[in-house]
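Asker: structure of the sequence below:
(chains A and B)
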Amino acid sequence: MIHISNIFLAMILLSVLLSLRSNRLMALVKLMAFQGIVVSAVPMVLDTAHGLTFNLIMFFILLVLVKGILIPGMMSVAVNKVVASREIEPIIGYHASLFAGLIMIVFSVYITNQLNLASLAASHKLLLVTGITTMGAGLILLMARRKAITQVIGYLMMENGIYLIGTALAKEVHTQYVVEFAVLLDLLVAVLVMGIVLNDINHTFDDVDTALLGQLKD
Amino acid sequence: MLQFVFYIPLIVGIAVLFLPAKIGRVALFSTAVIHAMFTALEWFKLSGPLHTSYFSNTPEGMLVLAILSFLFLFISLYTVFYMGEVEMSKEPVFNGSMLLFLSAMSMVAIADHIIMLWVAVEATTLMSAPLIFVHRSKASLEATWKYVLICSVGIALALLGCFFVIFSMEMSNIHVPISFSSLNTVASQLDPVWLKAGFIFFVIGFGTKMGLAPMHTWLPDAHSEAPSPASALLSGALLNCAFLAVYRCHQLMFTAGLGDYSSKVLIAFGLASMLVSAVFILNQTDYKRMLAYSSIENMGIIAVGIGIGGLAAFGAMLHMIHHSLVKSSLFLSAGNILLGYGTKTIDKTGSMLRLLPKTGLTFFAGFAGISGFPPFGLFVSELLIILGAIKAGRYVAIGIFIFSLILIFAGASKLVMQMVFSEKENDDILVPEKWTRALPPILLLLTSLALVIWLPDSIYQTIQNAISSIGGTVNG
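Answerer: Prediction:
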């Protein structure tokens, strides 16, 4: 039997791999909006014992508003201001990044199997695999690209991964909302500040290439 | 009542953002005084926290809060006069952010709930980013971007660490509030594997904020680009707050019987930080960056001291107090130097004793203090750490420790000698020094001296209480 949550997880993995391959900034932002919405929906489709509670739906709406609409909207405004809408000369090439993403999947399956997690349901284990992959791929994106916008997108992807890991591990109701609350706050704070700085980088340099930020070093 | 230490700066800080700059300066200093009063109330246990599940006044937290409050008093005094002499287009933003930053750091010091602690550390990043960015130059933009990006990634990893610690509780089917005080009571039943994983992410995450190598790369940039009062606060107070978060988790590990493991991790990160700063300090051309690398070194010393435990843990806590006092004094002196010479390049300074005699004196005395010369407290604390390490038989670790100290002294002394004693070609001074700006660094240095001669009993007792849970004691 294919559980509906597995389809969602497959979509997340697909968006992760696509974002590692993509070089257009706008396409990346759209991918992040899609990934954000799917990730927010995951707790709703997991086989929870309590079914759909009011709180669950409220958090879903809140997360979709932030991850699916607010942040991608802000990012696309930033992308539209930038002259060069493509990533040029990434530090790690697209094929290499894609390959690293695939290795990341294998690696997270290995980690999850190594962990002593007999108490977790099978669907939660797959969720953990997806979470670790998403987090790792986010880190790869963060390190492998030169544009500030792509780095923020890498950070967002990492945050999505942490949210998935948190959801997979949180069994109890009281800790589950801790996960949602914390991730939401993290996103809002970090991305808002990054958004402001991003705007200023664009304003000062007419581009968002972080290679331009190379004055301070030892 | 305990929560007032962050409510008051929060409310005043928001108000200052919208008020004229002159009122903001007055508000900055008066809030510092009020904050110090509330901290004193807490220190002498005259009032307790309101909601005990989120906040508590632990001895280590009170120590950090007291240092923060004391420093902020002098730094705000300095800021009031500093602002009178520099052009800053967005002064209300600077003053307001200073207060909001104080609020966030006070919250770190008293947080007991894991997620509350994490939220507070996150808030410090948010509140201090405008302080670094305030000059709006290309270099400050770069520093802010690195600071926000690297620290956000670090904080995100720390969140993962929080989840792991919480999960270690759920794995063993225990249900207590997720605060450090209640976790400590059930520590022995927590799942050790997940607790270890949580600790690693805690150290990596909060260690980024604390400036432990190899996650320290944001620190020299941020400290050198921020205006000097903000650098003093970043170095003297923020790093302590991040250390407090790591220390809380280390205590939990100790109570859970995993102290050996967490000690090894702390010693390794501490020694790495010392070596890295020793290498990078040798060829510095910018004196604020030099001070920033010295902060990395001192945070490494504290991590090593806590990791070794016993007498060294006492030394580490003492080191934290004296480092904050001396380093913030040095950064304030650096602010005076920057105002006087108008440059951060070491080569363009010189003849300081003739051109800026008071600043030259505080800078050189501060340097003597930070290198661990006898009249200052860092001598005592470093000696205690070395003695503690020899008692514990950690000969290799202490060998590397002493080696790095020598390298750093050799590297930094050459630069400081050049700044203070070498002849400058022309005698141009942009802003002549004044007593008002020279006094706060002098007072901070004198406090460090006074604490060596006479350590008040309540501070002594608080340090003892703070380190008793990791097996630290003055009697070795």
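
Asker: what about A:P90, distance to B:A36?
Answerer: 51 Å (Cβ to Cβ, to the nearest Å). C-betas here are computed from N, CA, C, even on glycine.

Asker: residue ranges with poor pLDDT in chain A?
Answerer: A:1-2, A:47-51, A:83-84, A:116, A:118-119, A:171-177, A:189, A:192 (pLDDT under 70).

Asker: mind running it again at 90?
Answerer: Flagging of chain A using pLDDT under 90 yields the residue ranges A:1-6, A:21-26, A:40-93, A:111-127, A:142-153, A:155-156, A:159, A:162-218.

Asker: now do the helices in it.
Answerer: Using DSSP state H, the helices of chain A run over A:4-21, A:25-45, A:54-63, A:71-81, A:94-114, A:122-144, A:148-169, A:173-205.

Asker: check which residues of the fifth one are buried.
Answerer: Under the neighbour-count criterion of 16 or more other Cβ atoms under 10 Å in any protein chain shown, helix A:94-114 has A:97-98, A:100-101, A:104-105, A:108-109, A:112 buried.

Asker: before we move on, what about the longest one?
Answerer: Buried residues in helix A:173-205, counted by 16+ other Cβ under 10 Å: A:175-176, A:178-180, A:182-187, A:189-191, A:193-195, A:197-198, A:200-202.

Asker: and those near chain B, which?
Answerer: Among these, proximity to chain B is found for A:175, A:178-179, A:182-183, A:185-186, A:189-190, A:193-194, A:197, A:200-201 (Cβ under 8 Å from any Cβ of the partner chain).

Asker: for the residues you listed, which one is nearest chain B?
Answerer: Nearest to chain B out of those is A:A190 (Cβ to the nearest Cβ; 4.1 Å).

Asker: could you report the neighbour count for A:F59?
Answerer: Burial of A:F59 is recorded as 20 neighbouring residues (other Cβ atoms under 10 Å in any protein chain shown).

Asker: wait, it touches A:V42, no?
Answerer: No: counting by Cβ atoms under 8 Å, A:F59 sits too far from A:V42 to count as a contact (11.4 Å).

Asker: middle-most residue in chain B, spatially?
Answerer: B:L239 (3.1 Å; Cα atoms, centre = their mean).

Asker: how far is the strand or helix carrying that residue from where the chain is centred?
Answerer: Following DSSP states H and E, one finds B:L239 within helix B:239-255. From the chain centre to the centre of helix B:239-255 is a distance of 14 Å (Cα atoms, centre = their mean, to the nearest Å).

Asker: what is the subsequent helix or strand relative to it?
Answerer: helix B:259-281.

Asker: is any part of that next one close to chain A?
Answerer: Yes: applying Cβ under 8 Å from any Cβ, one finds helix B:259-281 in contact with chain A at B:F280.

Asker: next secondary structure element downstream of that helix?
Answerer: Per DSSP H and E, the first helix or strand lying C-terminal to helix B:259-281 is helix B:287-308.

Asker: does chain A sit close to stretch B:163-175?
Answerer: Yes: for stretch B:163-175, a contact with chain A is found by Cβ under 8 Å from any Cβ, at B:163-164, B:166-167, B:170-171, B:175.

Asker: now do the residue lying closest to A:Q151 once chain neighbours are set aside against B:S152, distance only.
Answerer: Residue nearest to A:Q151 in three dimensions, not counting chain neighbours: A:L142, with 5.4 Å by Cβ to Cβ, 6 or more residues apart in numbering or on different chains. Separation of A:L142 from B:S152 (Cβ to Cβ): 10 Å.

Asker: repeat that for B:A410.
Answerer: 36 Å.

Asker: likewise B:V165?
Answerer: Distance of B:V165 to B:S152, given as Cβ to Cβ: 20 Å.

Asker: name the SS class of the closest residue to chain A within the stretch 201-350 of chain B, please.
Answerer: Relative to chain A, the nearest point of the stretch 201-350 of chain B is B:D221 (4.4 Å; Cβ to the nearest Cβ). Assigned with DSSP: H, G, I helix; E, B strand; the rest coil, B:D221 falls in the helix class.

Asker: number of nearby residues for the residue lying closest to it once chain neighbours are set aside?
Answerer: Once flanking residues are discounted, B:D221 sits nearest to B:A143: 4.0 Å by Cβ to Cβ, 6+ apart. Look at B:A143: counted by other Cβ under 10 Å, it has 27 neighbours.

Asker: contacts only, for B:A143.
Answerer: Listed by Cβ atoms under 8 Å, 6 or more residues apart in numbering or on different chains, the contact set of B:A143 reads A:216, B:132-133, B:218, B:221-222, B:224-226.

Asker: could I get those residues as a markdown table with distance to A:L65 and neighbour count?
Answerer: Formatted as a markdown table, the contacts of B:A143 follow (distance: Cβ to Cβ, whole Å; neighbours: other Cβ atoms under 10 Å in any protein chain shown):
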| residue | distance to A:L65 | neighbour count |
| --- | --- | --- |
| A:L216 | 37 | 20 |
| B:I132 | 30 | 27 |
| B:F133 | 28 | 27 |
| B:W218 | 31 | 23 |
| B:D221 | 34 | 26 |
| B:A222 | 32 | 30 |
| B:S224 | 39 | 24 |
| B:E225 | 35 | 28 |
| B:A226 | 34 | 27 |
